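**Q** Output the structure for:
(one chain, ligands or ions: 1)
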Amino acid sequence: MLTNKKIVLGITGGIAAYKAAELTRALIKEGAKVKVIMTENAMEFITPLTMQTLSQNQVYTDIFMNADEYDMAHISLADFADAFVIAPATANIIGKIASGIGDDLLSTTIMAQDKPTLICPAMNDKMLSNPIVQENINKLKKFGYAIMSSAEGELACKTTGKGRLPDIADIIEEIKIILAPKDFDGVNVLITAGPTEEPLDPVRFITNLSSGKMGYALAAAAHRRGAKVTLISGPASLSVPPVEKVVKVRTAKEMHKAVMESYKKADVIIKAAAVADYRPKISAEEKIKKDGKKLSLELERNPDIIAEIGKNKGNRVLVGFAMETQNLLANARQKLTKKNMDLIVANNLREEGAGFRTDTNVITIIDRTGQSESLGKMTKIEAADAILDHIKKITGRKRNRK
Ligand code: CTP
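**A** Residues are numbered from 1 along each chain as shown. Take a look at the predicted model:
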């Protein structure tokens, strides 16, 4: 996602400056090209040599450093960048940007550019809650800067509170958000993800192998592209993407209730959850004790959530999933028609790189006209964007028909 994206990372003088090294490594690992600007105070905390080695680029520290090359750093860096990130950002740099002060390379460069800019404040909790700092942060938000919330926890000054640099993974996700095209801006997207659990008794349940990875990747991608995402998730041990609303459920009945409560507001509904088709007829209050050689379980049908929406979907785009072990296309097409979906995403459990719990998928996207597109093995994040690209074509067609 960040392959060949050009990031200019500004580092200012706070104790969290050492974490900029880790951030740079993570950016390089994601395929980004990184150039670093350090303020004078930043160099008290971490050396330019460290940053040069990790970024594999010259580090910029002084506005006059390249005077003999006739290359004005603040202008060339602004031209180079797809996005700017300041991490950590001190109260000082935030105040300077908010007041239009350019008295060093970083503040001057930020003033001389109009690229997406992410600011990651990190400072003592009292400094952060200072009304002047807060006013500066709000001013920058109004001018379109993306500002991350600082994390809570132990601070270097031995107090506990809000002011820590956010986790590196969260900063990377936020960089992806500021760089993503906003082609789903204002679109309400409802996504279900993960397995369901159908209890037999307080300690046992019926479930399936779904990890939630495909649904969570879709939620993250839709959010990045500007959608207002509601994620309804069965039990999954994944970190939740920073979407509008998350509803955690356990059983198919709970998922059914949550979906019915929210789907009317949605423009797009993506049912990536692996919903259990059956539940035990009786869920025992107490643990079932062994008794005799055999135990028969009576199962009853769960509501078919997507089929129910399909009957009353109006202008909404309805997307389902089909995981098959044989006759992939025929089975998926049949499901699409039967449940009145607009798109179905089919995959074959037997195919290498597809299926549950993997980070990759091999999908075929089929639409109502019967057309299908088979995509090769890709990460679930790439697959999510490919699915959204197809949905975009349909929402475009529906808008044109209105
Ligand atoms: N689905 C649903 N509610 C259910 C079961 C499935 O909404 N009770 C949705 C899934 O989220 C997915 C699609 O339906 O989008 C899968 O279709 P389905 O025919 O139910 O797949 P399977 O359960 O795998 O069906 P079968 O066992 O018949 O292959």
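**Q** and stretch 182-193, how far apart are its ends?
**A** 23 Å (Cα to Cα, to the nearest Å).
**Q** averaged over its residues, what pLDDT does that stretch have?
**A** Averaged across stretch 182-193, pLDDT comes to 96.
**Q** For it, buried residues please.
**A** Neighbour-count burial for stretch 182-193 flags 184, 187, 188, 189, 190, 191, 192, 193 (criterion: 16 or more other Cβ atoms under 10 Å). No exception for glycine: its C-beta is placed from N, CA and C like everyone else's.
**Q** okay if I get those as CSV plus distance to residue 138?
**A** What follows is the buried residues of stretch 182-193, written out as CSV (distance: Cβ to Cβ, whole Å):
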residue, distance to residue 138
184, 26
187, 27
188, 27
189, 28
190, 31
191, 31
192, 36
193, 34
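**Q** Redo the residues you listed as CSV? Include distance to residue 253 and secondary structure.
**A** As requested, the buried residues of stretch 182-193 are exported to CSV (distance: Cβ to Cβ, whole Å; DSSP: H, G, I helix; E, B strand; the rest coil):
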residue, distance to residue 253, secondary structure
184, 30, coil
187, 28, coil
188, 24, strand
189, 23, strand
190, 18, strand
191, 19, strand
192, 13, strand
193, 17, strand
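**Q** tell me, which of the residues you listed make contact with the ligand?
**A** The subset of these within reach of the ligand, by Cβ under 6 Å from any ligand atom, is empty.
**Q** and which of those residues is nearest to the ligand?
**A** residue 192 (6.1 Å; Cβ to the nearest ligand atom).
**Q** Would you confirm that that closest one contacts residue 236?
**A** No: at 11.1 Å, residue 192 does not count as touching residue 236 under the criterion of Cβ atoms under 8 Å.
**Q** if you skip the residues just before and after it, what's nearest to residue 295?
**A** The spatially closest residue to residue 295, leaving aside those adjacent along the chain, is residue 288, at 7.6 Å (Cβ to Cβ, 6 or more residues apart in numbering).
**Q** Count the neighbours of the one you found for me.
**A** 15 (other Cβ atoms under 10 Å).
**Q** next one: the one 3 residues further on
**A** Counted with other Cβ under 10 Å, the neighbours of residue 291 add up to 7.
**Q** cool, residue 118 as well?
**A** By other Cβ under 10 Å, 22 other residues sit near residue 118.
**Q** low-confidence ranges in the protein?
**A** Residues of the chain meeting the criterion pLDDT under 70: 64-71, 397-402.
**Q** close to the ligand, is the lengthiest helix in it?
**A** Longest helix of the chain, by residue count under DSSP state H: helix 380-401. No: looking at helix 380-401 against the ligand by Cβ under 6 Å from any ligand atom, there are no contacts, and the closest approach is 12.0 Å.
**Q** other SSEs contacting that helix?
**A** helix 213-224, strand 268-271, strand 317-324, strand 343-348, strand 360-361, strand 363-367 (3 or more Cβ pairs under 8 Å, 6 or more residues apart in numbering; DSSP states H and E).
**Q** Which parts of the stretch 51-200 of the chain are helices?
**A** For the stretch 51-200 of the chain, the helices defined by DSSP state H, counting those that start in this stretch cover 73-80, 91-99, 105-111, 125-129, 131-142, 168-179.
**Q** interface residues of the stretch 301-402 of the chain facing the ligand?
**A** 302, 304, 305, 306, 320, 321, 322, 323, 335.
**Q** Verify the contact between residue 318 and residue 308 for me.
**A** No: Residue 318 is beyond contact range of residue 308, at 10.8 Å (criterion: Cβ under 8 Å).
**Q** hang on, the earlier thing: would you tell me which of the helices of the stretch 51-200 of the chain gets closest to the ligand?
**A** The nearest among the helices of the stretch 51-200 of the chain, by Cβ to the nearest ligand atom, is helix 168-179 at 25.3 Å.
**Q** who touches the closest one?
**A** Here helix 168-179 makes contact (Cβ atoms under 8 Å, 6 or more residues apart in numbering) with 1-2, 5, 7, 19, 22-23, 26-27, 30, 82-83, 85, 87, 116-118, 120, 146, 148, 151, 165-166, 220, 223-224, 239, 241-242.
**Q** which of those residues are buried?
**A** Neighbour counting by 16+ other Cβ under 10 Å classes 1-2, 5, 7, 19, 23, 26-27, 30, 82-83, 85, 87, 116-118, 120, 146, 148, 165-166, 220, 223-224, 241-242 among the contacts of helix 168-179 as buried.
**Q** Just these: which are in strands?
**A** 7, 83, 85, 87, 117, 118, 120, 146 (DSSP state E).
**Q** Out of those residues, flag the one nearest to residue 270.
**A** residue 146 (25.6 Å; Cβ to Cβ).
**Q** which residues does the closest one form a beta bridge with?
**A** When assigned by DSSP bridges, residue 146 has beta-bridge partners residue 118.
**Q** same for the ligand: which of the buried ones among the contacts of helix 168-179 are within range?
**A** The subset of the buried ones among the contacts of helix 168-179 within reach of the ligand, counting by Cβ under 6 Å from any ligand atom, is empty.
**Q** on that earlier part again, list of residues touching the longest helix of the chain?
**A** Where contact means Cβ under 8 Å, 6+ apart, the residues beyond helix 380-401 that reach it are 1, 183-184, 187, 213-214, 217-218, 220-222, 225, 267-268, 270, 315, 317, 319, 342-343, 345, 358-361, 363, 365, 367, 373, 375, 378.
**Q** Filter the residues you listed down to the buried ones, PyMOL style.
**A** Of the contacts of helix 380-401, the buried ones go into a single PyMOL selection, burial set by 16+ other Cβ under 10 Å:
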select buried, resi 1+184+187+213+214+217+218+220+221+222+225+267+268+270+317+319+342+343+345+358+360+361+363+365+367+375+378
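**Q** residue closest to the middle of this protein?
**A** Nearest to the mean C-alpha position of the chain, counting by Cα atoms, centre = their mean, stands residue 220 at 2.8 Å.
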